[in-house]
Each structure stands twice: as C-alpha cells, then as structure tokens.
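Visitor: Pasting a predicted model and its sequence here:
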Amino acid sequence: MTDAAERDRPAGEILVVSGTGTEIGKTVVTAAIAAVALAAGRSVAVLKPAQTGIAPGEPGDTAEVARLAGAAVTTAELVRFPEPLAPATAARRAGLPPVRPAEVAKAAEELAGRHDLVLVEGAGGLLVRFDDETGATLADAARLLRAPVLIVAQAGLGTLNTTALTAEALRARGLACPGVVIGSWPAAPDLASLCNLADLPSAAGAPLIGRVPGGAAALPPEEFRARAASWLTPALGGRWHGPDAG
C-alpha cells in the first residue's frame, strides 16, 4: 500500500531520450545523465519501452545504464522482442503484443511518483513505429507525458540533416527539445565533426548540451561516473560549458 508521504510527493522530472537513428549512443548518454543526477543526490529511474534484439534473460539497455551509472538506478522494461528490428516489426514477427504509448506514459508517470528523474530511452529514432495498427511512436508517448525530448545525434557527416528532421518532427507535435547531445565524440574528429559543433544547434533549433566521448562505455564504471559531469552542460547537471571550453 502507498503511504501518505509517497502519495504527497511531487512528481519527478521526466525526460525522453531519442536518437536521430540507431547505434549512436543513446544508452551511454542516458547512463551519463543518470550518473550525474545520482551524484547530485537525486533518485533516478530509467524506462525502456521496447527492447529489441535481446533474448530472454540477457542484459538489455537498462542493465547497461545501471552498470555504468550505478545500482541505485531503478530500471524498468515494458516489452522485449528477440530480433533486432523496429519495435512494430519485431512484435509482429514474434507474434507478441506491441507496446502502446499509453502504457509507456502510465509506467513513466508511476516511476515519476517515486523518483526525482525518469529517463525514457527510445529504440532507434523518434518516429520508429511501436505498432502496425496505429503507427504510434515514441513521440506519441512524449505527447501524452508532455515531456521534453532530448536528441542524441552523431558527430560526423550527415548528422545535420537527421538532427534537423528530428527537431522538425518534435516542433510539429508541439514537443519541447532541451538540446542535443553528441552520443559518440571521436578521439580524432574530422573536419565535418568539428564544424558540426557549431552547426548542430542551428540544425536543431536547440543548444548543444553534451558531448560523450566514443568508447565511454568501455571505461571502468567508477571512472565513467567520475567523468560523466565533464561531458554534459549544466542544463543536464554537468559542468561542461560547450566546445569553446574544450
């Protein structure tokens, strides 16, 4: 039974984390945000609405967040499909019910009642379909939650277009975007990547608020946690002050 103190607790912040595509660093960015929030004394939950490409019993993205950010993170996963496909396709091929935006919103709101910060990590890009019947997406869940959507983008050539398209889709749906985080910043950035530090905010219509180094997930968890704040700006609780700060 929920006690009076928990019922009276103000709802925590909900942030949806979406990428401009797949395999661009959403999970490691989510882990960095969680690590910084935990270090600041906040309680954190991470919700993965649809996990694909993972067999039963195998660790998924939320387990990776907990490994990097710390076991204090509460993790939740709504559905899991074995094939590494878009959620709608994976659900159809597995013969399993798809996840629905209302289920995502309900789970996130319940977690927000017990945590200071809830991070909802999408699968693939913003408009990847959850189901075939309605064509619902992560954006529909964000609309139900009235939650801002963080864009995780690639560093190099092509990222300006995919970031601009994602930001345009957010604006068309009345969804706020607090900023862009580069999910995997190369150790030896090329000319396009260096130019994109200045150009991504224009493409997104939102500031660059993080730059996570490539290979960050391979760091020992203690080092990951110690360094996470240096990758994010104060908008995400960090201490990085943008590319001009180094």
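Guide: Yep, that arrived. Numbering: from 1, shown residues only.

Visitor: Point out where the chain drops to low pLDDT.
Guide: Where the chain drops to pLDDT under 70, the residues are 1-10, 245-246.

Visitor: cutoff 80 now
Guide: By pLDDT under 80, the low-scoring segments of the chain are 1-11, 244-246.

Visitor: Quick one: the helices in it, in order.
Guide: With DSSP state H, the ranges of helices along the chain come out as 4-8, 26-39, 61-69, 87-94, 101-112, 138-145, 159-172, 191-204, 221-227.

Visitor: Which stretch among these is buried most, on average?
Guide: Counting by mean count of other C-beta atoms under 10 Å, helix 26-39 has the highest mean neighbour count of the helices of the chain, with a mean of 26. Just so you know, the C-beta spots here come from the backbone N, C-alpha and C atoms, and that holds for glycine as well.

Visitor: Return that helix as CSV; C-alpha atoms alone will do.
Guide: The C-alpha atoms that make up helix 26-39 are tabulated as CSV, following Å, rounded to 0.1, in the frame of the first residue of the first chain:
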residue,chain,number,x,y,z
LYS,A,26,21.5,6.8,-26.6
THR,A,27,22.2,4.3,-23.8
VAL,A,28,25.6,5.7,-22.9
VAL,A,29,24.1,9.2,-22.9
THR,A,30,21.2,8.0,-20.7
ALA,A,31,23.8,6.5,-18.3
ALA,A,32,25.8,9.7,-18.2
ILE,A,33,22.7,11.7,-17.3
ALA,A,34,21.7,9.2,-14.7
ALA,A,35,25.2,9.1,-13.2
VAL,A,36,25.3,12.9,-12.9
ALA,A,37,21.8,13.0,-11.3
LEU,A,38,22.7,10.3,-8.8
ALA,A,39,25.9,12.1,-7.8
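
Visitor: so what does it touch, helix or strand wise?
Guide: Applying 3 or more C-beta pairs under 8 Å, 6 or more residues apart in numbering; DSSP states H and E, one finds that helix 26-39 contacts strand 13-19, strand 44-52, helix 61-69, strand 117-125, strand 149-153, strand 180-185, strand 208-213, helix 221-227.

Visitor: Tell me which other helices or strands the third one touches.
Guide: Spelled out, it's helix 61-69. Packing partners of helix 61-69 (3+ C-beta pairs under 8 Å, 6+ apart): helix 26-39, strand 44-52, strand 74-81, strand 117-125, helix 221-227.
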